[in-house]
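Asker: just to be clear, the model below is a prediction. Sequence and coordinates:
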Amino acid sequence: MWAYSRAAFRVTVLGPERLGIAPGTLLVVSHRRETDVPVLCPPLYRRGELRRQRVAFAARDDMFLPGFFAGFPAGMPPRVRRLLYPLAIAEWLPRVEVFPIRSARVARLAEVLAERGGAELADVLGRAEARGFAERAAACGQRAPVVVEDVLRGDYADLLWRAVRPDDPAGQGLDAFWSRRATEAAGDFRVLVELVRGGRPLVLFPEGRPSPDGEIGPLQRGLGALVRRARPPALLPVALAYDPLTRGRTRVVVAFGAPAAPSGDVEEQTLALLRRTMPLTAGQLVAAGAEPDEAVRAGLVEGRPVEPSLVAADSRSRRLAEAQAAAERSPDALPFLAREYESARS
């Protein structure tokens, strides 16, 4: 993870050199991109001195499904998806302290279709969605799929990875499946509770998915129940800010906040902690059109992490000029960064 994250990004870490993570601490992390884990883990293990204690990770449940590496990533050629589809890592993940969080009411289309053996694809999905599978088959030089078993393969992995709920046409009439899924979701929750009660620090992304638009939040349901049942001694906020408005590799600032004892409305408290811990970056300032001197001064006063190059006036001018030039080349990055800036202060 260290090798990958340093090759892909320019990483700056802010916060205490020694985190002093107490047993059973819940580390709540803002979710910005799918690369958050490899960027976060190296500084977390070093500053948290986690060689001396094991830390657990709560992860998206579809990582535990066969075909995850073929179905989840976007923009992958079908031939590569065919090669990756048989890979399954579910049995190995708990050995490296990664545990699933299943949703009782959301599954992947691949899971749902596996419950409908022998059914005609158009009857299950409807003609419009079935047509998408037929078009993929034609692009791969294959005959159009007819029954659900015809599409449970790597060529269609990305199409099989869409979310399905009980009221979705594909998910209707599967009472036994959804009942079993609810039982499994409850079991996942109990495992996390037992880990924290047993003194294991737990890393959790309470937003559940990378932000699509820069907003910090909303949080997934269940965090309050986890805190009530597991009784962690502290919430330790961690926030990551990616800034592509630069020369060369995207900059990433990883900020470790101060631990806080859970109190009151835990979801509201956690969201406030994540927003306060979100670092201020040059890209945010340029995208939001903020007055730089005032924004940096306010950030330092309120204890917000600030990109180091913004602190001194001379380096601030150089860094902002670099970000402004990059903004002209990458205008698509601006809405996300502007929303991130505003959301951190809302």
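Answerer: Done, it's in.
Asker: quick one: the strands in the stretch 201-346 of the chain, in order.
Answerer: For the stretch 201-346 of the chain, the strands defined by DSSP state E, counting those that start in this stretch cover 202-204, 235-243, 251-256.
Asker: for the second one, packing partners?
Answerer: If I follow you right, that is strand 235-243. In terms of contacts (3 or more Cβ pairs under 8 Å, 6 or more residues apart in numbering; DSSP states H and E), strand 235-243 is packed against strand 26-29, helix 36-47, strand 251-256, helix 266-277, helix 282-288. Yep, even glycine has a C-beta here, placed from its N, CA and C like the rest.
Asker: as TSV, the ones you listed with distance to Ala59, mean pLDDT and mean neighbour count would be great.
Answerer: Formatted as TSV, those follow (distance: least, Cβ to Cβ, whole Å; pLDDT from 0 to 100; neighbours: other Cβ atoms under 10 Å):
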stretch	distance to Ala59	mean pLDDT	mean neighbour count
strand 26-29	12	98	26
helix 36-47	9	94	19
strand 251-256	19	98	24
helix 266-277	18	97	20
helix 282-288	28	98	26
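Asker: could those go into TSV alongside distance to Pro166?
Answerer: Compiled in TSV, the helices and strands packed on strand 235-243 are given as follows (distance: least, Cβ to Cβ, whole Å):
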stretch	distance to Pro166
strand 26-29	29
helix 36-47	30
strand 251-256	38
helix 266-277	24
helix 282-288	39
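Asker: for Gly217, which of those is the nearest?
Answerer: Among the helices and strands packed on strand 235-243, the nearest to Gly217 by Cβ to Cβ is helix 266-277 (5.0 Å).
Asker: who's in contact with stretch 336-346?
Answerer: 211, 213-217, 241, 243, 245, 275-276, 278, 280-281, 283-290, 304 (Cβ atoms under 8 Å, 6 or more residues apart in numbering).
Asker: surely Tyr156 meets Ala134?
Answerer: No. In this structure, Tyr156 is not within contact of Ala134 by Cβ atoms under 8 Å, at 10.5 Å.
Asker: find the residues that touch each one of these two.
Answerer: In contact with both Tyr156 and Ala134: Pro145, using Cβ under 8 Å, 6+ apart.
Asker: neighbour count for those two, which is higher?
Answerer: Ranked by neighbour count (other Cβ atoms under 10 Å), Tyr156 and Ala134 place Tyr156 first, with 27 against 18.
Asker: just list the residues touching that one, thanks.
Answerer: Contacts for Tyr156 (Cβ under 8 Å, 6+ apart) come out as Phe133, Arg136, Pro145.
Asker: from those residues, which is closest to Ala8?
Answerer: Nearest to Ala8 among the contacts of Tyr156, with distances taken as Cβ to Cβ, is Arg136, at 30.2 Å.
Asker: can you give me the pLDDT of that closest one?
Answerer: At Arg136, the model reports a pLDDT of 94.
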